[in-house]
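Asks: Quick one, fold the following:
(one chain, ligands or ions: 1)
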Amino acid sequence: MSSKISRRAVVQGGLIAGSFIPVLGLLANSATAAGLPPVDPTDPTAKALGFVTDSTKVVATSYPAHKPNQKCGTCAQFQGKPGDATGACNIFAGHSVPQGGWCSAWIQKPA
Ligand code: SF4
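Replies: Residues are numbered from 1 along each chain as shown. Next up is the predicted model:
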């Protein structure tokens, strides 16, 4: 017994399956960021990078290059969406950072 699957059915199935992949990726990112524990500022890596949960608390004498507009929400490493209170950070894998936080690994998010 041979099964007949038309080329059209294969193409349609592939297109339908392919259309769900980006949606699943977005859902996975949202769920992942929401469940992440916050970075502990006393963590050795966090301390080494001068991480603070409030960028207005950056010690200017220690980080003279810090500017008021530099915060996690404007950093290229921040994985949250604009307006998110917190988001994942590429530097602190497995943890979330507040959008108003900062560390010395800050780099301008591309426009
Ligand atoms: S790398 Fe960027 S997003 Fe991550 S903690 Fe530092 S300033 Fe915030």
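Asks: can you give me the helices for this protein?
Replies: 7-34, 44-48 (DSSP state H).
Asks: Can you tell me what sits against the last one?
Replies: By that I understand helix 44-48. 39-41, 92, 103 (C-beta atoms under 8 Å, 6 or more residues apart in numbering). (Glycine included, C-beta is placed from N, CA and C.)
Asks: Quick check: which of those are also close to the ligand?
Replies: By C-beta under 6 Å from any ligand atom, the members of these lying near the ligand are residue 103.
Asks: Can you tell me which of the contacts of helix 44-48 is nearest the ligand?
Replies: Nearest to the ligand among the contacts of helix 44-48, counting by C-beta to the nearest ligand atom, is residue 103 at 3.3 Å.
Asks: circling back: least reliable of the helices of the chain by average pLDDT, please.
Replies: The stretch with the lowest mean pLDDT among those is helix 7-34, at a mean of 50.
Asks: From one end of stretch 46-57 to the other, what's the distance?
Replies: With C-alpha to C-alpha, to the nearest Å as the measure, stretch 46-57 spans 15 Å from end to end.
Asks: Buried residues in that stretch, which are they?
Replies: Across stretch 46-57, burial judged by 16 or more other C-beta atoms under 10 Å covers 46, 49-53, 55.
Asks: Run through those and flag the ones next to the ligand.
Replies: residue 51.
Asks: can you redo the buried residues of stretch 46-57 as TSV with distance to residue 75?
Replies: Listed next are the buried residues of stretch 46-57 as TSV, based on distance: C-beta to C-beta, whole Å:
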residue	distance to residue 75
46	15
49	12
50	13
51	12
52	13
53	14
55	10
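Asks: Can you tell me which of the buried residues of stretch 46-57 is closest to the ligand?
Replies: Distance to the ligand, by C-beta to the nearest ligand atom, is smallest for residue 51 among those, at 5.6 Å.
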